[in-house]
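Undergrad: Sharing a sequence plus its predicted fold:
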Amino acid sequence: MPWELTVWLLLLLAFVTQARWEHRLPSMPRGLRRFGALPWRWYLGGFPAALIRMRFTWRRFTRNADLAVQRQPPRALVGRDLIVTGRAVRMIPPRLGLPRPTRDGLVARVQLHPGQTPIPYIEAAPAMAHAWRMHAVRVVSFRRGEVTITATWRDPLAAEGTEPKRYPGRVLAAQVGRTELGMGWTVDMRQVPHWLVVGATQSGKSTLLASLVAELAPQPVALVGIDCKGGMELSLFERRLSVLACSRTEALALLVALLDEAQERMAVCRRAGARSIWELPEHVRPVPVVLLVDELAELYLVDGSRVSRQEAAECSTALLRLGQLGAALGLHLVVAGQRMGSELGAGVTALRAQLGGRICHRVHDQQTAEMALGDLAEDAVVAAQVITEEEQGVAITTVGGTWARVRSRLTTTADAREVAARYADRTPDLPALVRAMDTVNKEGGGND
């Protein structure tokens, strides 16, 4: 069609002359800025080249990767009881659908042959990336009998100016960053009530917590913190936190008070005939509470004394009970730590089973990655171990039964203070928790 040729020529002209007009984008109208910000080099040059490579190498690639099959194995009878089987000269590749371009790559569907499973395709994903000269390839299966191939031509987690569009969400849903596909990464505590965050020092764990608090601060949610490192991390948000415990003794008092709050909420739901606080009328519904625990090991490690062992055991039991009871009562846990291993005690394994959301940053040992991801997605453990020191903020998280590579939004110290000051007036008052903390401080146990 002549008009199709005209459009293609205009797009090609825009691609060739992009260096001449892209510096003028800030002064252009908003619609033109969005048009010019699109990755035209990929759409007009990279995608057609990748499409040609996929089409011309698909048959040979599937044969080399053992993804092609033969319609009927040729057989020849030799002797009386010997059957010799051979391999067809022309193998039948699986059907490759028409790839669809995206901002960061392309998406294609593949129909599986009868008897095939997605596992060989998942294992062949790195080979696809090399064969098609793409940055990375992910293979997932959303429907029976087919797999979806998602290839990216650049790293969306490192690209600038690719922040996904943010939409106002429901309460307890926080968009904390973006995924490897360039989409928004949302931590939804209504869907997954409790979360575990692990990562070594300087891996981006604290940045993720800061981004989460910054997203929850404008919402009608009570934020409660436990930071046994003297409050160095969470004290930036102290004006928005209803309560902040800075020692294990204070943390134990806070956890006990939260358990008492859980008992009161259960009584309210029982009288109203509701199974959760979200079934209660809005005027009697208690405010949701998000408990942020920074450095879990400080609650579990002991120095050998009887008091220390007793406090660690009581903290472990209280956290486990909150994980078991809190989902329906609007009490949510976000537990972070550098190390997640059996040396912290049997209570850690039991607590991990209650934390359905998992986020694993760069770690120094395989056991921590396995504790965080191994029971949900074994191949995610390998992906977590290849995160480098330069990729601060990059993590592996479980999403919808599978896993994804994500990166949290950078929230600086100045940003944290500004958010806490802006939304300080929205901090809910929790008298029972405040009284528990005051009692500990009056007894002189808050600085142990």
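TA: Now that the structure is in, tell me what you want to look at. Just so it is clear, the structure is predicted and the values come from calculations on it, not from any experiment.

Undergrad: Mind telling me what element the most centrally placed residue in the chain is part of?
TA: With distances taken as C-alpha atoms, centre = their mean, Thr397 lies nearest the centre of the chain, 3.5 Å away. Using DSSP states H and E, Thr397 falls within strand 394-399.

Undergrad: What helices and strands are in contact with the following helix or strand past that strand?
TA: Remark: after strand 394-399, the chain's next helix or strand is strand 402-408, criterion DSSP H and E. Strand 402-408 makes packing contacts with strand 173-179, strand 184-188, helix 205-216, helix 378-385, strand 394-399 when contacts are defined by 3 or more C-beta pairs under 8 Å, 6 or more residues apart in numbering; DSSP states H and E. Where C-beta positions appear, they are placed from N, C-alpha and C, glycine not excepted.

Undergrad: Looking at strand 402-408 now, give me its mean pLDDT.
TA: For strand 402-408, the mean pLDDT works out to 86.

Undergrad: what sits up against the helix or strand hosting Glu314?
TA: Element membership for Glu314, per DSSP H and E: helix 306-329. By C-beta atoms under 8 Å, 6 or more residues apart in numbering, the residues outside helix 306-329 that reach it are 193-194, 248-249, 251-252, 255-256, 258-259, 262, 265-266, 269, 275-277, 291, 293, 299-302, 331-333, 335, 345, 347-348, 350-351, 354-355.

Undergrad: Same check on stretch 103-122?
TA: Looking at stretch 103-122 with C-beta under 8 Å, 6+ apart, the contacting residues turn out to be 38-39, 42, 47, 50-51, 54, 65-67, 69, 92, 94-100, 134-135, 139-141, 145-154, 156, 159, 162, 181-182, 379.

Undergrad: wait, Ala245 sits on Leu258?
TA: No: in this structure Ala245 lies outside contact range of Leu258 using C-beta atoms under 8 Å: 10.7 Å.

Undergrad: wait, what's in contact with Ala395?
TA: 199, 203-204, 208, 359-361, 384, 387, 405-408.

Undergrad: Tabulate those residues (CSV), appending distance to Thr186 and neighbour count.
TA: Formatted as CSV, the contacts of Ala395 follow (distance: C-beta to C-beta, whole Å; neighbours: other C-beta atoms under 10 Å):
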residue, distance to Thr186, neighbour count
Gly199, 19, 30
Ser203, 21, 23
Gly204, 17, 24
Leu208, 13, 29
Ile359, 12, 27
Cys360, 18, 30
His361, 18, 30
Ala384, 20, 29
Ile387, 21, 23
Arg405, 15, 22
Val406, 10, 25
Arg407, 13, 24
Ser408, 12, 28
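
Undergrad: Would you mind checking the contacts of helix 306-329 for buried ones?
TA: 193-194, 248-249, 251-252, 255, 258-259, 262, 265, 269, 277, 291, 293, 299-301, 331-333, 335, 345, 347-348, 351, 354-355 (16 or more other C-beta atoms under 10 Å).

Undergrad: returning to what we had before: sitting in helices, which of the contacts of stretch 103-122 do you find?
TA: Members of those lying in helices (criterion: DSSP state H): Phe47, Ala50, Leu51, Met54, Asp379.

Undergrad: wait, isn't the fourth one in contact with Gly97?
TA: Going back to what we said before, that points to Met54. No: Met54 sits out of contact with Gly97 when judged by C-beta under 8 Å, with a separation of 10.7 Å.

Undergrad: coming back round to it: give me the angle between the strand holding Thr397 and helix 378-385.
TA: Relative orientation of strand 394-399 versus helix 378-385 (axes from the mean of the first three to the mean of the last three C-alpha atoms, to 10 degrees): 160 degrees.

Undergrad: between strand 394-399 and helix 205-216, how big is the angle?
TA: Going by the same axes, to 10 degrees, strand 394-399 makes 50 degrees with helix 205-216.

Undergrad: Could you tell me the average pLDDT over stretch 142-149, please?
TA: On average, stretch 142-149 scores 88.

Undergrad: Contacts for it, please.
TA: In contact with stretch 142-149 (C-beta under 8 Å, 6+ apart) are residues 107-112, 118, 121-122, 125, 128, 137-141.

Undergrad: repeat for stretch 263-271
TA: Applying C-beta under 8 Å, 6+ apart, the contact partners of stretch 263-271 are Arg275, Ser276, Ile277, Glu279, Leu280, Val284, Pro286, Leu325, Ala328, Leu329, Gly330, Leu331.

Undergrad: Export only the CA atoms of it, formatted as PDB.
TA: Extracted in PDB, the C-alpha atoms of stretch 263-271 (Å, rounded to 0.1, in the frame of the first residue of the first chain):
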ATOM      1  CA  GLN A 263      -6.700 -10.300  69.900                       C
ATOM      2  CA  GLU A 264      -8.800  -7.200  70.100                       C
ATOM      3  CA  ARG A 265      -9.300  -7.200  66.300                       C
ATOM      4  CA  MET A 266     -10.300 -10.800  66.400                       C
ATOM      5  CA  ALA A 267     -12.900 -10.000  68.900                       C
ATOM      6  CA  VAL A 268     -14.300  -7.200  66.800                       C
ATOM      7  CA  CYS A 269     -14.500  -9.500  63.700                       C
ATOM      8  CA  ARG A 270     -16.100 -12.200  65.700                       C
ATOM      9  CA  ARG A 271     -18.800  -9.900  67.000                       C
END
